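K.L.:
3D model of this:
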Amino acid sequence: MPGAKAGKVMSFYRRYHTLLGRCLPRLVGAADLTQGALEELIESVYGRCTACGRCGLHCSIGLDVAAVIRAGRHAVAAAGLVPTGLQRTVDNQLQTGNQMAIPRDELLSTAEWLAEDLRIEMGDESLRIPVDQPGQRVLYLVNPREVKFFPLSLMAAAAVFHAAGESWTLSSRFYDVTNYGFYAGDDAAAAELTRRVMNEAKALGVQEIILSECGHGFRSFRWEGPNWLGAPYPLPMRSVLLLLEEYLDQGRIRVDPGRNPERVTLHDPCNLVRWGGISEPQRRILRRVAGEFVEMQPNRHNNFCCGGGGGMLSMSEYGQRRIASGATKAQQIRATGAKIVAAPCHNCADQLLEINKHYRLGVEIKAVVELVHSALVPS
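P.N.:
A predicted model of the protein is given here:
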């Protein structure tokens, strides 16, 4: 129960930060933060909660349970007890610039062969996927999974940018839209990752940072980052979903929904929608690029977490629990009768791919930009 998990964190607060907790701990349910208590806390705040925030919407006393869970993660991180897989991911980002420790040469070679494929597809020999190009309008941050395992997402974005005549670049040094310091509860690491991206944007002289489809990446960089840095950003930062809708509204790209004839439904990532406030652009886009769009029930802020957030995908010890928790999402998807699930978040997409296989849903999981790409028609 959410209240029980939050109660464990709050019991430690009472013990050290309230008068009754210090003097009469048993009377107010205060508890000592011992080694054993910390180990139990790891299970509660990492293993049994994604901090999705849905419970907070329905809490009878208005408690922000997810904020309490994050406070618990702060305590565990300060004690150096972040689960190994999650800590390794944070370390990768700090040491190499991306969560998967992908070498620069691999990014460059991936960008080149994707561009070569796009030149053939679009019949334009001028097409490039620019890397480290100064003076461009947009710095595009992507999930490293797009480089390593899901190149179609990066390829789709490059195709749409080219069709729209966008001036953009990737950075080979800091291109990672994810921020696992946020998941770990390590605000110092989260702030450092944010600072590096802002410094890279300054060095390249871009005018805007565009964040690819990543729920917690959007929340971390768009909303949490200025708080971590203690100052507002010197340049704007938006989700790629807003940019895609702008292209459509301005006529910079033309699409034919008949090119996506299958029924499409939409998963609402918790950090993008419930915490980030981006719920409508993706819907307006899908209605323009898909032949048939249907909603899951419930949806938007009330949608269910897929089970893959909160850093769960990097903590293998909770893998079976994570898939079991996806049963509710599987039921939601099956009820729509959709053949394609648009998931504007790579963590969600990874979880949905596993749910799709485990529960035999028979659907395709795609990013919104991939559906825009497949609907493009020559201008």
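K.L.:
which residue sits closest to V90, ignoring its sequence neighbours?
P.N.:
Among residues not flanking V90 along the chain, Y180 sits closest, at 4.7 Å (CB to CB, 6 or more residues apart in numbering). For the C-beta atoms, the positions are set from N, CA and C on the backbone; glycine is no exception.
K.L.:
so who does that neighbour touch?
P.N.:
Counting by CB atoms under 8 Å, 6 or more residues apart in numbering, Y180 makes contact with 86, 89-90, 93, 99, 189, 311, 314.
K.L.:
can we see that at 6 Å?
P.N.:
By CB atoms under 6 Å, 6 or more residues apart in numbering, Y180 lies in contact with 89-90, 93, 99.
K.L.:
cool, and L266?
P.N.:
Contacts of L266 (CB under 6 Å, 6+ apart): A342.
K.L.:
repeat for A79
P.N.:
By CB under 6 Å, 6+ apart, the neighbours of A79 are L38.
K.L.:
Convert the host helix or strand of F161 to PDB, retaining C-alpha atoms only.
P.N.:
Assigned by DSSP states H and E, F161 belongs to helix 151-164. Provided in PDB are the C-alpha atoms of helix 151-164 (Å, rounded to 0.1, in the frame of the first residue of the first chain):
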ATOM      1  CA  PRO A 151      17.900   3.200 -34.300                       C
ATOM      2  CA  LEU A 152      14.500   3.500 -36.100                       C
ATOM      3  CA  SER A 153      13.500   6.200 -33.600                       C
ATOM      4  CA  LEU A 154      16.600   8.300 -34.300                       C
ATOM      5  CA  MET A 155      16.200   7.600 -38.000                       C
ATOM      6  CA  ALA A 156      12.600   8.700 -37.900                       C
ATOM      7  CA  ALA A 157      13.500  12.000 -36.100                       C
ATOM      8  CA  ALA A 158      16.300  12.700 -38.600                       C
ATOM      9  CA  ALA A 159      13.800  12.100 -41.500                       C
ATOM     10  CA  VAL A 160      11.200  14.500 -40.000                       C
ATOM     11  CA  PHE A 161      13.900  17.100 -39.200                       C
ATOM     12  CA  HIS A 162      15.100  16.900 -42.800                       C
ATOM     13  CA  ALA A 163      11.600  17.100 -44.300                       C
ATOM     14  CA  ALA A 164      10.900  20.200 -42.100                       C
END
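K.L.:
following it, which helix or strand comes up?
P.N.:
Past helix 151-164, the next helix or strand by DSSP H and E is strand 168-169.
K.L.:
so what does that next one touch, helix or strand wise?
P.N.:
Secondary-structure packing of strand 168-169 (3 or more CB pairs under 6 Å, 6 or more residues apart in numbering; DSSP states H and E): no helix or strand packs against it.
K.L.:
Within its sheet, name the partner strands of that strand and how each one runs.
P.N.:
Taking DSSP bridges as the criterion, strand 168-169 forms sheet pairs with strand 138-141 (parallel).
K.L.:
Please enumerate the strands of the stretch 151-300 of the chain.
P.N.:
Applying DSSP state E, counting those that start in this stretch to the stretch 151-300 of the chain gives strands spanning 168-169, 208-211, 237-239, 254-255, 263-266, 292-294.
K.L.:
can you put these in TSV and add mean pLDDT and distance to R284?
P.N.:
Listed next are the strands of the stretch 151-300 of the chain as TSV, based on pLDDT from 0 to 100; distance: least, CB to CB, whole Å:
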stretch	mean pLDDT	distance to R284
strand 168-169	98	22
strand 208-211	98	18
strand 237-239	97	13
strand 254-255	96	12
strand 263-266	98	11
strand 292-294	98	10
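K.L.:
Distance to A338 for those strands - can I get that in JSON lines?
P.N.:
Shown next, in JSON lines, are these (distance: least, CB to CB, whole Å):
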{"stretch": "strand 168-169", "distance to A338": "31"}
{"stretch": "strand 208-211", "distance to A338": "26"}
{"stretch": "strand 237-239", "distance to A338": "23"}
{"stretch": "strand 254-255", "distance to A338": "19"}
{"stretch": "strand 263-266", "distance to A338": "4"}
{"stretch": "strand 292-294", "distance to A338": "6"}
